[in-house]
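Trainee: Based on what follows, work out the 3D shape:
(chains A and B)
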2 protein chains.
Amino acid sequence: MNPPFPAKPRIAIVGTGALGTYYGARLAKAGHDVHFLVRTGRAGILVRGLKIKMPSMRIHVKKVQAYASCAEIGPCDLVIVAVKATANEALKKLLPPLLHEHTVVLTLQNGLGVEEPVAEMVGAKRIAGAICYIGANRTAPGVVECSFPGLMMIGEFGRPAADRTHAIAAVFNKAGLKCEAHDNLEGQRWQKLVWNVPFNGIAIAAGGITTDVIMADEGLRTLARRLMEEIVEAAAKFGHPIPQSFIELQFERTAKIGKYRPSSLVDFQEGRPVELEEIWGVPVRRAKSVGAGVPRLEMLYWLIRRKLAARKTGRKKR
Amino acid sequence: MNPPFPAKPRIAIVGTGALGTYYGARLAKAGHDVHFLVRTGRAGILVRGLKIKMPSMRIHVKKVQAYASCAEIGPCDLVIVAVKATANEALKKLLPPLLHEHTVVLTLQNGLGVEEPVAEMVGAKRIAGAICYIGANRTAPGVVECSFPGLMMIGEFGRPAADRTHAIAAVFNKAGLKCEAHDNLEGQRWQKLVWNVPFNGIAIAAGGITTDVIMADEGLRTLARRLMEEIVEAAAKFGHPIPQSFIELQFERTAKIGKYRPSSLVDFQEGRPVELEEIWGVPVRRAKSVGAGVPRLEMLYWLIRRKLAARKTGRKKR
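Mentor: Predicted structure coming up:
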């Protein structure tokens, strides 16, 4: 039997993009023992610390435990994976030095099928996953603007929430980070796709448009709804029912946020990797494997994949 | 009963884009009495004539009957409509002066549902339609480069080919323009959509790409096939069966033409009107009216419509 998860865990944060910096800084500010792997901008972070700007407050972590390699960090109780799935190849070498027998690896990666590759690296038993409903943007190394602190849903990979899941949620909640332990992580991932697939996808495929443009265009708004219905149908076939009211809620919320640039569009336009497979490719393949009809989702996947290929070619030419 | 269609008809050409200039010049060169409505570049055409460059020969029509208004042309036996459907509003005033009791109005417009608006203007009985398989580009007023003379299929609106249809086909054929009279114009229009819908459409929706890029991209090539299948299914519901082998033929031919910029993409990129409704919108609505599932075609229509709206907005901003 596993020992109970420690109330003051030794924590490693792998990746200091918006999410890694934000959650790590909040945990460190709450007094936790947080160790950051920082591959770019480490000198600056050691001098200036981490700065989080939120609507209600500012946080400054002055002394940061920032390392250039995971070997220097050593084994931790909780490893938070805050690099994108598109960086999984690098993770294979990064994770092993951070593990002891009972280390929990919590992946914050976005989309579907993100636990599986990490499980292959470190074993499925260690894996927990979190879905982050958050609006955060890294404006410089160590500096994050968080417009919407939101909520984190955590769960176990392929299992209901365990004691350790609740213990980790408690760590986050005590640090002021709203966190819920959930028994069905996979179902929650499908649920997040209901918004991400259409709005992140159409924003890219229709030529770089914001959510307000999608909402104001009758065709694209209907397309968003049809894509949501395809996701809901596929999720139901996997035993994750999502009520129709959830679709309506997405439209109500999206109408309220006005002009918003979905995160995948930001990534696309700024030349960063886009989670093509995790948000569109894996859902298409899984849906088709159970006979769910996802013609629009598949078409969206193909169109975005082409846009990404063109972006790469465009770069080479320069 | 109608009198027989004259062997030497008085002909009006409304519109001197690529098609109007090409067919009109060929008919004039063959000795026909051809009257052109020319709204831009008329002075130059009167001085320099019409020039057609073809792979095998060059044609120069030195004396051109070019008019600034249809009233000056007066009634003709055959009126060839060679403006796009996007210019239909202007046609309403242009056509009446060209008509006598037995005038045939032959529309060369592209897509589906193009006979109906012209029939509303001049009566359904007069209407014939032609589907032009041709590669031609107007490089200057009165100057056309024709890379591929191809074939014209003509038929009657809502009726099988009549004596006059064959007589008109004979006029074209005798002038060296390959032309076939067909009993099912509507079926031929659906058949042309099998290529036009996917290749013109994906070329625009995927960000301005040529046919070779579509053919080399596994997803987009499959998408083209799925779109063709949707068209074929819809056409079948309207009683226009298209064999599977026709789809295969499209791919074989498209592979052979290599890097080709579909005409709608050319129009899109050069800021000219695109036949959005005739190629995508009308087929979507007709297919849905008979319960044919066209999810991809509808999505393509929405995406192209958005791109066109963005192009207009972009212009306004300048």
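Trainee: and the stretch 151-300 of chain A, which residues reach chain B?
Mentor: Counting by CB under 8 Å from any CB of the partner chain, the stretch 151-300 of chain A comes close to chain B at A:205-207, A:209, A:217, A:219-220, A:222-223, A:226, A:295-296, A:299-300. C-betas here are computed from N, CA, C, even on glycine.
Trainee: pLDDT score assigned to the residue lying closest to residue A:269 once chain neighbours are set aside?
Mentor: Sequence neighbours aside, residue A:208 is the residue nearest to residue A:269 in space, at 6.2 Å (criterion: CB to CB, 6 or more residues apart in numbering or on different chains). Per-residue pLDDT puts residue A:208 at 96.
Trainee: ok, residue A:247 - contacts?
Mentor: Counting by CB atoms under 8 Å, 6 or more residues apart in numbering or on different chains, residue A:247 touches A:194, A:225, A:228, A:229, A:232.
Trainee: Any of the residues you listed buried? List them.
Mentor: For the contacts of residue A:247, a burial check counting by 16 or more other CB atoms under 10 Å in any protein chain shown picks out A:194, A:228, A:232.
Trainee: Reformat those residues as TSV; add pLDDT.
Mentor: Formatted as TSV, the buried ones among the contacts of residue A:247 follow (pLDDT from 0 to 100):
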residue	pLDDT
A:194	98
A:228	98
A:232	98
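Trainee: and which of the residues you listed is nearest to residue B:155?
Mentor: residue A:228 (43.0 Å; CB to CB).
Trainee: counting contacts, what elements does the host helix or strand of that closest one pack onto?
Mentor: Per DSSP states H and E, residue A:228 falls inside helix A:218-237. Counting contacts by 3 or more CB pairs under 8 Å, 6 or more residues apart in numbering or on different chains; DSSP states H and E, helix A:218-237 packs against helix A:185-195, helix A:201-205, helix A:211-216, helix A:244-257, helix A:282-289, helix A:295-317, helix B:295-317.
Trainee: Quick check: buried residues in it?
Mentor: A:219-221, A:223-224, A:226-228, A:230-232, A:234-235.
Trainee: and if you look at stretch A:68-81?
Mentor: Within stretch A:68-81, the residues that count as buried by 16+ other CB under 10 Å are A:70, A:73, A:75, A:76, A:77, A:78, A:79, A:80, A:81.
Trainee: Looking at these, which are in helices?
Mentor: Of those, the ones assigned to helices by DSSP state H are A:70, A:73.
Trainee: and which of the buried residues of stretch A:68-81 is nearest chain B?
Mentor: residue A:81 (29.0 Å; CB to the nearest CB).
Trainee: neighbours around the closest residue to the closest one other than its chain neighbours, how many?
Mentor: Distance criterion CB to CB, 6+ apart; nearest residue to residue A:81, sequence neighbours excluded, is residue A:107 at 4.2 Å. By other CB atoms under 10 Å in any protein chain shown, 23 other residues sit near residue A:107.
Trainee: Just confirm residue A:107 contacts residue A:114, I think it does.
Mentor: Yes. Counting by CB atoms under 8 Å, residue A:114 is a contact partner of residue A:107 at 5.8 Å.
Trainee: Contact partners for residue A:151?
Mentor: For residue A:151, the contact set (CB under 8 Å, 6+ apart) comprises A:133, A:134, A:178, A:179, A:180.
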